[in-house]
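**Q** Next input, structure requested:
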Amino acid sequence: MPFVRPDTVPFPSIWHRFERVKDGRTRKFFVQDATEDMFPFLLDHMVEAFCRNEPMCKSLDINSEPESIEGMEILWRHILEGKMVIVCFEEDPEIPGKPLRFVGCNMTYIAEKDDPTMDELIIGEKWKTIYDAVDFCGREGSKILKPDRYMGAMGLSVLQRFQGMSIGKEILDARIPLCKAFNIPWTVTCFTNIASQKLALKCKFQNLFEISYDDLEKVDPRFKFDIKSTKTIRQMYRQVE
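**A** Predicted coordinates:
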């Protein structure tokens, strides 16, 4: 039975707050649930930023294939409708809790053991290649850990102007109180970029499965990615405690 967010937890909720000091000024941030009015903006952001920067998307030039972009939007919209996606904002210094500007997001969702696959949502040759590579890593990881319920994700993105401030780490950390609120015991994700892999390690994620991009091509000739910045792809997990 697919996960349905219960009404017992307020929506939207703020899950995490943190601060950064820059140029002698303290800036406040928070991570909250993504609400429906944000969906069009978040879809545009993921297409514009994530598809341009994620190593496999960049390698295959996924933005050159409209059908694949449509396919990614279909999947992300499906995830957004689950009401478990989280968004980071810089807080208005004058009005606590009011967003001043968008910072980043994580396309998080809840998966359960007997859920149907998302395969039917996948269209576009390039997107299917990337999705299948991620799915392969997930299946390999599940040979070690196969929880009945966990939080997964299909994309972590932070605006370029905020990169280098460990914002991604804070967004990953926000998963923990979110999972606790819904009794989700694990969070499991495929990290494809060296930057996100380093952030995940700082957030106490551990490897379930790791394979080099060179060896990934040996699994399936479609998985040929010309990636210099990141050597491996990692399926990682963190127990929610």
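
**Q** So what's the residue count around the residue found closest to residue 165 once you drop the neighbours it is linked to in the chain?
**A** Once flanking residues are discounted, residue 165 sits nearest to residue 20: 5.4 Å by CB to CB, 6 or more residues apart in numbering. For glycine as for every other residue, the C-beta is placed from the backbone atoms N, C-alpha and C. Other residues lying near residue 20 total 15 when counted by other CB atoms under 10 Å.

**Q** List the strands paired with whatever helix or strand residue 20 lives in, with their directions.
**A** Assessed by DSSP states H and E, residue 20 sits inside strand 14-22. Applying DSSP bridges to the sheet, strand 14-22 is found paired with strand 25-33 (antiparallel).

**Q** After the partner strand, heading C-terminal, what element do we hit next?
**A** Heading C-terminal from strand 25-33 (DSSP H and E), you reach helix 39-45.

**Q** Need the three-state assignment for the spatially most central residue of the chain.
**A** Residue closest to the average C-alpha location in the chain (CA atoms, centre = their mean): residue 155, at 3.2 Å. Judged by DSSP: H, G, I helix; E, B strand; the rest coil, the three-state class of residue 155 is strand.

**Q** I'd like to know how many residues surround the closest residue to it other than its chain neighbours.
**A** Closest residue to residue 155 apart from its sequence neighbours, by CB to CB, 6+ apart: residue 107 at 4.2 Å. Residue 107 is flanked by 23 other residues according to other CB under 10 Å.

**Q** Would you mind listing the outside residues contacting the lengthiest helix in the chain?
**A** The helix spanning the most residues in the chain, taking DSSP state H as the definition, is helix 125-141. Helix 125-141 has contacts (CB atoms under 8 Å, 6 or more residues apart in numbering) with 56-57, 60-62, 65, 67-69, 71-72, 75, 122, 154, 188, 190, 192, 208-209, 211, 216, 219-220, 222-223, 225, 233-235, 237.

**Q** cool, and stretch 70-84?
**A** 3, 5, 11, 33-34, 36, 39, 42-43, 46-47, 51, 62, 85, 107-110, 118, 121-124, 127-128, 131, 151, 154-155, 178.

**Q** ok, which stretches of this protein are helices?
**A** 39-45, 51-53, 55-60, 66-80, 125-141, 167-181, 194-202, 213-219.

**Q** Where does the prediction get shaky in the protein?
**A** By pLDDT under 70, the low-scoring segments of the chain are 1.

**Q** and if we set it to 90?
**A** The model of the chain has pLDDT under 90 over residues 1-2, 22-25, 92-100, 113-121, 146, 241.

**Q** Which strands or helices does the lengthiest strand in it pack on?
**A** Counting residues, the longest strand in the chain under DSSP state E turns out to be strand 99-112. For strand 99-112, the elements it packs on are helix 39-45, helix 66-80, strand 86-91, strand 149-158, helix 167-181, judged by 3 or more CB pairs under 8 Å, 6 or more residues apart in numbering; DSSP states H and E.
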